[in-house]
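[1] Attaching a predicted model along with its sequence, questions to come.
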Amino acid sequence: MKLETRELCLTIEILNNEEKEAQKVLTHFISNSFKINVQSTDFELVKQYYEALKNEEMTPALRELFNKTKHGNPEFGRVIEAYLFYAGVTFIKRSNVQDLKKAFQSARVFIDQREDYQFLNHSLAVSAGLPILSKTPSPYLMEGENGFIFKDDHQLLEDVQYYLSQPDHWNKNLVESVSVIEKNSAEALVEKWKGVLK
């Protein structure tokens, strides 16, 4: 099993004042990775087309223009892939339990770039069976079993590829996540929460 770009989705938790900067970083990443201009008329056409499909507002004129451009422009496929990646990225601000549970339903990997791990986020990721890639250790992360501690972006990309390119690795993580959940019994969780709430 190999995931296609359209199957990938990223949910990124941000602070209230980070949205513009995060959007700028995303735009820069897409421009460099897909070698397209997100301000181009082709990108805007793809965006209009997929939004019309999603909202059931497709017009014959838009469908015809999209198909004509698709068949007349050999680079248009790359623009479509770039938009599908772009559309698969969502930003959430100060996530709560329900936001995280919803995000984890479509996630394949949980990445925590904080200097201090978030107890709740890690426990929900393990409960969802997601591999945890974190900058810091946590009681829910068993190095090499259900995730990795990464030092830099290069290592993070290798770790993401490890889980997304080989279903056996992801499945092994799922089994290990059950083991981690069992080690964190209700009694142990109460004690950990007492420490967090102090």
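    Nice, thanks for sending it over.
[2] so where's this protein uncertain?
    1-13, 15-16, 94-95, 185-186, 188-189, 192 (pLDDT under 70).
[3] Try it again at 90.
    By pLDDT under 90, the low-scoring segments of the chain are 1-34, 81, 84-125, 127-129, 138-140, 144, 152-198.
[4] just the strands in it please.
    10-14, 89-93, 110-112, 132-134, 147-149 (DSSP state E).
[5] which stretch among these comes nearest Glu21?
    strand 10-14 (8.5 Å; C-beta to C-beta). Every C-beta, even on glycine, is put in place using the N, C-alpha and C of the backbone.
[6] Leaving out chain neighbours, which residue sits closest to Glu51?
    Closest residue in space to Glu51, ignoring its immediate chain neighbours: Glu57 at 7.8 Å, by C-beta to C-beta, 6 or more residues apart in numbering.
[7] With Thr59 instead?
    Ala52 (7.0 Å).
[8] Of the strands of the chain, which is nearest Val190?
    strand 132-134 (21.8 Å).
[9] Any chance you could list what contacts the closest one?
    Residues outside strand 132-134 that contact it (C-beta atoms under 8 Å, 6 or more residues apart in numbering): 109-112, 114, 117, 122, 125-126, 138, 140-141, 146-150, 156, 159-160.
[10] partners of it in the sheet?
    Its sheet considered, strand 132-134 pairs with strand 110-112 (parallel), strand 147-149 (parallel) by DSSP bridges.
[11] Could you export those as JSON lines, including mean neighbour count and distance to Lys183?
    Below are the strands paired with strand 132-134 laid out as JSON lines (neighbours: other C-beta atoms under 10 Å; distance: least, C-beta to C-beta, whole Å):
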{"stretch": "strand 110-112", "mean neighbour count": "22", "distance to Lys183": "18"}
{"stretch": "strand 147-149", "mean neighbour count": "23", "distance to Lys183": "14"}
